[in-house]
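Colleague: what follows is a protein structure lacking sequence information:
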């Protein structure tokens, strides 16, 4: 089958577009004919060797773990899924990815695609939206009436986080560059902060939670200054000394997202009800995968980047 994979870790030049063996499924798995694959920062981080020493992967490795497509084969133990079903899934990063014509994945992780989305748009949802959902609902323990600060509110995860927080009834403050202000406000943010010209810690205080969907710039220690005692600081990238946060009365977690079909079903309902919009920055072909990674690495994308695998 046609796929994008790596045989060595490194830059985008290590990405190979070629033929690789079609996966065989286990009894508990389904084989998905991939239509779209979402591009996320973890894709190029893995490509560069982020998990190289973890023993998680074997080379050659197909990248990409955001999937939309149709069920092409069912394992004998799989229930409640039918051949031809339109599905989406956040596939485990420990396995082979979705920049390929087919992917094998545990049937229990698969959810029906939102009815209101086409296949390519659905590929933008699973990993980023699940990350936002779990970080907000489980990590931040967000509830109606809470005030939350979301760093990088225009990014893939941040875009979903703003909308999910608003759907939950929270007051949302989003940070991004000035050029993204109209986009972030359109997502539903109540306040906007241009991180380049404003220091957020000088303008806000006593928020219930902070979601840092970006790293660097001393973002976590600065965020501690604006969180009320008993509040939550959730980081998706950088780590931090939890003891320091605890001494200031703040609960800190470096959040690791887990695939979860139930969460995808809940997100799908919000999408179909119109409470969450899915925003696409650009769609690439498999042959354009290097450009897709370059755009993702630039951190300038406004919304999600998609690879049209079926093209």
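Modeller: Now that the structure is in, tell me what you want to look at. All values reported here derive from a predicted model rather than from experimental measurement. Numbering: from 1, shown residues only.

Colleague: spatially central residue for the chain, please.
Modeller: Central residue of the chain (Cα atoms, centre = their mean): residue 128, 1.9 Å from the mean position.

Colleague: and the strands in the stretch 51-200 of the chain, which stretches?
Modeller: In the stretch 51-200 of the chain, the strands defined using DSSP state E, counting those that start in this stretch lie at 61-62, 66-74, 86-90, 102-106, 111-112, 147-151, 171-176, 191-194.

Colleague: please name every helix or strand in contact with the last one.
Modeller: Okay, so that is strand 191-194. Contacts defined by 3 or more Cβ pairs under 8 Å, 6 or more residues apart in numbering; DSSP states H and E place strand 191-194 against strand 171-176, helix 181-187. C-beta coordinates here come from the backbone N, C-alpha and C atoms, glycine included.

Colleague: tell me which of the ones you listed sits most buried.
Modeller: Most buried of the helices and strands packed on strand 191-194, by mean neighbour count (mean count of other Cβ atoms under 10 Å): strand 171-176, with a mean of 25.

Colleague: quick check: mean pLDDT of that strand?
Modeller: In this model, strand 171-176 has an average pLDDT of 97.

Colleague: now for that strand, which elements pack on it?
Modeller: In terms of contacts (3+ Cβ pairs under 8 Å, 6+ apart), strand 171-176 is packed against strand 147-151, helix 156-168, helix 181-187, strand 191-194.

Colleague: run the last query once more with 6 Å
Modeller: On a contact count with 3 or more Cβ pairs under 6 Å, 6 or more residues apart in numbering; DSSP states H and E, strand 171-176 meets strand 147-151, helix 156-168, strand 191-194.

Colleague: run me through the strand neighbours of it, direction for each.
Modeller: Strand pairing for strand 171-176, using DSSP bridges, gives strand 147-151 (parallel), strand 191-194 (parallel).

Colleague: what angle do helix 156-168 and that strand make with each other?
Modeller: For strand 171-176 against helix 156-168, the angle by axes from the mean of the first three to the mean of the last three Cα atoms, to 10 degrees is 160 degrees.

Colleague: what does strand 171-176 contact?
Modeller: For strand 171-176, the external contacting residues (Cβ atoms under 6 Å, 6 or more residues apart in numbering) are 147-151, 153-154, 162, 165-166, 184, 189-193, 195, 200.

Colleague: ok, now which ones touch residue 192?
Modeller: Each residue near residue 192 by Cβ under 6 Å, 6+ apart is listed here: 174, 181, 184-185.

Colleague: and the furthest pair within the residues you listed?
Modeller: The two members of the contacts of residue 192 with the most space between them (Cβ to Cβ) are 174 and 181, at 8.9 Å.

Colleague: and the helix or strand hosting residue 295, what does it pack against?
Modeller: When elements are defined using DSSP states H and E, residue 295 is found to belong to helix 289-298. Contacts defined by 3+ Cβ pairs under 6 Å, 6+ apart place helix 289-298 against helix 41-48, strand 304-308.

Colleague: tell me which of those sits nearest to residue 257.
Modeller: Among the helices and strands packed on helix 289-298, helix 41-48 comes nearest to residue 257, with 9.3 Å by Cβ to Cβ.
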